[in-house]
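1. Here you go, sequence then predicted model.
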Amino acid sequence: MKKGLIGKKIGMTQIFTEDGKVIPVTVVEAGPCVVTQKKTMENDGYEAVQVGFGDVKINKVNKPMKGHFAKNDVAPKKTLKEFRLEDCSVLNVGDIIKADTFAEGDIVDVKGTSKGHGTAGAIKRWNFSRLRESHGTGPVARHQGSLGACSSPSRVFKGRKMAGHYGHENVTVQNLTIAKVDVENNLIAIKGAIPGPKGGIVVIADAVKA
């Protein structure tokens, strides 16, 4: 990985190219991020930089994190994320990383937390079909139905698609194109949709499979 950034999803809109084509984009408030710590091969066994995003009041931070920020002489940050960069020597503690880290046309991977749907049934969670609502089906049109065989194997196999918790998972969308970068306002427009609700925290990094 050569570069990475933490941001906040603002929402979706569309932009127009010079030849009049419409591009659906997701706008992300990317940074400014602060380098809060450097991991070194001597101390930690690997090289990485810890980046913080989003200001938070000092009284909202617990004692261990207060000491962590004070040790590195940086303001408290709400979200922390480590990036294992190819060359960590170019960044030092306290450096500011802004949206101009990326440029128009870059291919990136975006990680986020998908929207939570709570406890959902099999139709909403797995796109199961409904039962026929006629001829004595009864009030079970949206029920799941049979789970498997009877006396053999006398159990339900692991991994069976059933009702349960749906959403609120870590999701990565790969190979998205950056359509536009607004350096002045720290905004990045990414072509297509990215995971999470408006206001959700996302991580933008170089595409692994570009």
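-> It's in.

2. got a list of what Pro197 touches?
-> Lys9, Lys115 (C-beta atoms under 8 Å, 6 or more residues apart in numbering). Placement of C-beta: from N, CA and C, glycine included.

3. measure the closest residue to Asn170 other than its chain neighbours to Gly167 for me?
-> Nearest non-adjacent residue to Asn170, counting by C-beta to C-beta, 6 or more residues apart in numbering: Thr113, 6.2 Å away. To Gly167, Thr113 is 9 Å away according to C-beta to C-beta, to the nearest Å.

4. do Glu29 as well
-> As defined by C-beta to C-beta, Glu29 lies at a distance of 23 Å from Gly167.

5. more neighbours, these two?
-> Set side by side, Glu29 and Gly167 show more neighbours around Glu29, with 20 against 14, by other C-beta atoms under 10 Å.

6. Name whatever forms a beta bridge with that one.
-> Counting by DSSP bridges, Glu29 is bridged to Lys8, Leu187.

7. List the contacts of it.
-> Applying C-beta under 8 Å, 6+ apart to Glu29 gives the contacts Gly7, Lys8, Ile10, Asn186, Leu187.

8. Could you check the pLDDT of it?
-> You'll see Glu29 listed with a pLDDT of 93.

9. Let me know the helix or strand that the residue nearest the centre of the chain is in.
-> Nearest to the mean C-alpha position of the chain, by C-alpha atoms, centre = their mean, lies Gly112 at 1.0 Å. In the assignment (DSSP states H and E), Gly112 maps to strand 107-113.

10. Show me what that strand is in contact with.
-> Contacts to strand 107-113, defined as C-beta under 8 Å, 6+ apart, come from residues 9, 102, 168-178, 190, 194-196, 200-208, 210.

11. would you list every one of the helices in the chain?
-> Assigned helices in the chain, in chain order: 41-44, 63-71, 122-126 (criterion: DSSP state H).

12. Quick one, which of those gets closest to Val93.
-> Checking these against Val93 by C-beta to C-beta gives helix 63-71 as the closest, at 9.6 Å.

13. Tell me which residues of that closest one come out buried.
-> Buried residues in helix 63-71, counted by 16 or more other C-beta atoms under 10 Å: His68, Phe69.

14. Same question for stretch 41-55.
-> Buried positions in stretch 41-55, judged by neighbour count with 16+ other C-beta under 10 Å: Glu47, Ala48, Val49, Gln50, Val51, Gly52, Phe53, Gly54.

15. For Ser152, see how far away Gln37 is.
-> 57 Å.

16. And those two? Which one has more around it.
-> Using other C-beta under 10 Å as the criterion, Gln37 and Ser152 rank with Gln37 on top: 18 against 7.

17. ok, that one touching Val49?
-> Yes. The pair Gln37 and Val49 passes the contact test of C-beta atoms under 8 Å, sitting 7.3 Å apart.

18. what are the phi and psi values for the residue lying farthest from the centre of the chain?
-> Residue farthest from the centre of the chain, counting by C-alpha atoms, centre = their mean, is His135 at 46.6 Å. Main-chain torsions, His135, degrees, to the nearest 10: phi 60, psi 50.

19. pLDDT at it, what is it?
-> In this prediction, His135 carries a pLDDT score of 84.

20. ok, now Leu147?
-> pLDDT recorded at Leu147 is 85.

21. Perfect, I'm done here.
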